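Participant: Sequence and predicted model, in that order:
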Amino acid sequence: MLCAYQPQDMAEAQLLQHLLKDHHIGCHLSGQYLQGAMGELPALDLLGIWVAAEDLGHARELISDWQTATPIMPDMDVED
């Protein structure tokens, strides 16, 4: 397995893990249990999303697309 991405936090890690699984890419989240030891460990690079070598390109493409996507926001000027 190869590391496809290092998320900033558990929320991002779990969201991306579900995104990959929705696209039939098996993945493993490493470092999720190290979050409780944050006071004793360096705060960066604890999490990793690992995928099979053959899925690495597709996984990185999906993650990149997700990162650059523009959120769809409801119009704020809608009258009732």
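Facilitator: That came through fine.

Participant: so what does the helix or strand harbouring residue 63 touch, helix or strand wise?
Facilitator: Secondary structure assignment for residue 63, by DSSP states H and E: helix 56-68. Judged by 3 or more CB pairs under 8 Å, 6 or more residues apart in numbering; DSSP states H and E, the packing partners of helix 56-68 are strand 2-5, helix 10-22, strand 48-51. Every residue, glycine included, has its C-beta placed from N, CA and C.

Participant: Tell me which of these sits most buried.
Facilitator: Greatest average neighbour count among the helices and strands packed on helix 56-68 goes to strand 48-51 (a mean of 20), per mean count of other CB atoms under 10 Å.

Participant: Next, the residues that contact that one from outside, please.
Facilitator: With CB atoms under 8 Å, 6 or more residues apart in numbering as the contact definition, strand 48-51 has outside contacts at 1-7, 13, 16-17, 20, 25-31, 59, 63.

Participant: Kindly recompute the last result at 10 Å.
Facilitator: The contact list for strand 48-51, computed with CB atoms under 10 Å, 6 or more residues apart in numbering, reads 1-7, 12-14, 16-17, 19-20, 25-32, 56-60, 63.

Participant: List the neighbouring strands of that strand plus their orientation.
Facilitator: Applying DSSP bridges to the sheet, strand 48-51 is found paired with strand 2-5 (antiparallel), strand 27-30 (antiparallel).
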